[in-house]
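Peer 1: Please find the sequence and the predicted model below.
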Amino acid sequence: MGALAGAAALRPGVAAGSPEPRRTLRTGVFVAGAGPAGFVAAIAAARGGSRVTLAETFGFPGGMATAGLVGPISKFNFAGRRVVGGIAWEFVERMASLGGAITDLPKGNVPFEAETYRRVAREMLEEAGVECLWQTQVCGEPELSGDGAIRAVTLSTGGFLTRLEADRFIDCTASGAIVGHHGFGAFRSARGAAQPLSLCFILGGVDTEKARVLVRNDNERSRNPALGKALEKAMASGRIRSFGGPWAVWGSTIRPGFVSVNATRAEASDVTDPLEIASATARMRREIPTVIDVMREADDAFRNAYLVQSAAAAGFRECREIAALHRVAAHEFVAGVHPDDTIAIAAHPMDRHIAGTSAQSLTFLEHPGAIPLSALVSAKCPNLFAAGALVAAAPEPFASIRVQAQCMATGEAAGTAAAFKPGEDARRLDFAAIARRLARQGAIVKV
Ligand SMILES: Cc1cc2nc3c(=O)[nH]c(=O)nc-3n(C[C@H](O)[C@H](O)[C@H](O)COP(=O)(O)OP(=O)(O)OC[C@H]3O[C@@H](n4cnc5c(N)ncnc54)[C@H](O)[C@@H]3O)c2cc1C
């Protein structure tokens, strides 16, 4: 023991017990988080010619899609016409070619196998040459230089620190591991008003022919009302504290006999507060067996259902957003205003889950919505972008653009922009030129 401690203390740059990072790495573009937004952002930046490093808490890509068992990937189509292309579409087609996704549903929802998702995303990252730091987390405050740019972030791998310098940073952590510091972002909702969390799980032994609410039928209103009534009763009698949906669909699985279920629900105002996330997660995990019992009792299709897998992490629908050059406003989004720097098209209904209730507010779009690049670029920091669940938007547009296909599309835009004219202040880049570049890459930026 003594000899080992002595050896560690003698290694250059490693002081035993030191809170200092053990070493410094350097890259061109750093992407935090490998969810739908982050893995696509990293591929886009690498294809754009940058050296790219990606750090991800889990040991695989996909974020909510794989660790959270959230599915299907919504939403590629508006009124039967595809409105998301680029890397996102390439990705789902590649999953489909392996039998791991269904890409021809008319409403443009794409159910998939979570394991195929992990594999294809990893392969595409490797092919693009992205340096992937798995099981590595961004932590603490980013280090700033004199002009207010981010110089470096601190990474933790198993509790040991590494300093990482980059020219440009993209926060795709959904929680705002970078934008949550130095006033670069803010919580989306006032305390108590944030959308609730859900912890998804996969059931086997389901009669998927009998179950009426599979996304295979591509029904937008895929909630199961009979199961909903049974869960309401369970809530009234104190068997469970809350529920949402329930949605029992082909989402993160597409195998006959299996469905992914989104039914548990808990509130937390700040999912980056360890006590709040612990309490919400513990309650939802406790309630999963009861929810399954209720489903078995209420619907013949679920009579023999059994738990195959619960998500590695609770899914939270919102946390922070970047303080961007522009915040997508409800009126412009709903009216279908498409500025010159539009980099992604929204198609999903404005789908807001109401805190403290089992309710969901679903408003269908009359026009495809626009997501401009200016909603991804920090107003306060010259080398910071965000994508996915951190895009700057009012609650109504966010309730549409938070779904995965749109998160991937904003990831491609952030990655492409971060690789564009390195060294320049990101706020002064030619946004319309970046939108045109995205279109040349196959992204859909106009409808
Ligand atoms: C319960 C629920 C149901 C949903 N249903 C659907 C649906 O049916 N269809 C749909 O399309 N969308 C759905 N969504 C929305 C969608 O899943 C998310 O909005 C989307 O995954 C956001 O993508 P993202 O890449 O921004 O973030 P995430 O998917 O949350 O990924 C963020 C990644 O960052 C990593 N990370 C976090 N902090 C750090 C850190 N400090 N350092 C390094 N890595 C970090 C995480 O591990 C994760 O991998 C649902 C969401 C929830 C919560």
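Peer 2: Sure, I can see it.
Peer 1: For whatever residue of the stretch 301-447 of the chain ends up closest to the ligand, grab the count of nearby residues.
Peer 2: Among all residues of the stretch 301-447 of the chain, Gly388 sits closest to the ligand, at 2.2 Å; criterion: C-beta to the nearest ligand atom. Where you see a C-beta, it was placed from the backbone N, CA and C, and this is true even at glycine. A count of nearby residues for Gly388, using other C-beta atoms under 10 Å, gives 31.
Peer 1: Equivalent analysis for Asp425, please.
Peer 2: For Asp425, the count of nearby residues is 13 (other C-beta under 10 Å).
Peer 1: Now do it against Ala413, distance only.
Peer 2: Per C-beta to C-beta, to the nearest Å, Asp425 is found 18 Å from Ala413.
Peer 1: for Gly238, same thing?
Peer 2: Taken as C-beta to C-beta, the span from Gly238 to Ala413 is 47 Å.
Peer 1: In terms of packing, which of those two has more residues around it?
Peer 2: Legend: neighbour count by other C-beta under 10 Å for Gly238 and Ala413, higher for Ala413 (35 against 7).
Peer 1: Helices along the stretch 51-200 of the chain, start to end?
Peer 2: 86-97, 114-128 (DSSP state H, counting those that start in this stretch).
Peer 1: Run a quick check on Thr363 versus Met350, I expect a contact.
Peer 2: Yes: counting by C-beta atoms under 8 Å, Thr363 touches Met350, with 4.4 Å between them.
Peer 1: neighbour-wise, which of those two wins?
Peer 2: Comparing Thr363 with Met350 by other C-beta under 10 Å, the one with more neighbours is Met350, at 22 against 13.
Peer 1: Report the angle between the helix or strand encompassing Ala432 and helix 86-97.
Peer 2: Using DSSP states H and E, Ala432 falls within helix 431-440. Using axes from the mean of the first three to the mean of the last three C-alpha atoms, to 10 degrees, the inter-axis angle of helix 431-440 relative to helix 86-97 is 20 degrees.
Peer 1: Quick check: pLDDT value at the nearest residue to Met95 once chain neighbours are set aside.
Peer 2: The shortest distance from Met95 to any non-neighbouring residue, by C-beta to C-beta, 6 or more residues apart in numbering, is to Ala101 (3.7 Å). What the model reports as pLDDT for Ala101 is 97.
Peer 1: Then Leu214?
Peer 2: pLDDT, Leu214: 57.
Peer 1: which parts of the chain sit against the ligand?
Peer 2: 32-38, 55-58, 63-65, 67, 70-74, 137-138, 172-175, 177, 198, 200, 251, 262, 315-317, 388-389, 402-404, 407 (C-beta under 6 Å from any ligand atom).
Peer 1: try 5 Å
Peer 2: Residues of the chain that fall close to the ligand, judged by C-beta under 5 Å from any ligand atom: 33, 35-37, 55-57, 63-64, 70, 74, 137-138, 173-174, 177, 198, 315, 317, 388-389, 402-404, 407.
Peer 1: Can you name the residues in contact with the longest helix along the chain?
Peer 2: Ordering each helix of the chain by length in residues (DSSP state H) puts helix 274-298 first. Contact with helix 274-298 is made by 197-199, 201, 203, 226-227, 229-231, 234, 239-241, 243, 246, 248, 261, 263-271, 302-307, 310, 313-314, 316, as judged by C-beta atoms under 8 Å, 6 or more residues apart in numbering.
Peer 1: Quick check: can you list the domain ranges of the chain?
Peer 2: 24-72+115-191+318-440, 197-313 (automatic domain parsing).
Peer 1: Out of the ones you listed, which is the most enclosed?
Peer 2: Each of the domains of the chain was scored by mean neighbour count; the highest is domain 24-72+115-191+318-440, a mean of 22, by mean count of other C-beta atoms under 10 Å.
Peer 1: what about stretch 169-176, start to end distance?
Peer 2: 12 Å (C-alpha to C-alpha, to the nearest Å).
Peer 1: quick one: average confidence on it?
Peer 2: Model confidence over stretch 169-176, given as mean pLDDT, is 98.
Peer 1: which residue sits closest to the residue of the stretch 301-447 of the chain closest to the ligand in space, ignoring its chain neighbours?
Peer 2: Using C-beta to C-beta, 6+ apart, the nearest residue to Gly388 is Ala37, at 2.6 Å.
Peer 1: Kindly provide the distance from the one you found to Ala236.
Peer 2: For Ala37, the distance to Ala236 - C-beta to C-beta - is 39 Å.
Peer 1: Tell me the pLDDT of the residue of the stretch 51-200 of the chain found nearest the ligand.
Peer 2: Closest residue of the stretch 51-200 of the chain to the ligand, C-beta to the nearest ligand atom: Gly63 (2.4 Å). The score at Gly63 is 98. That number is its pLDDT.
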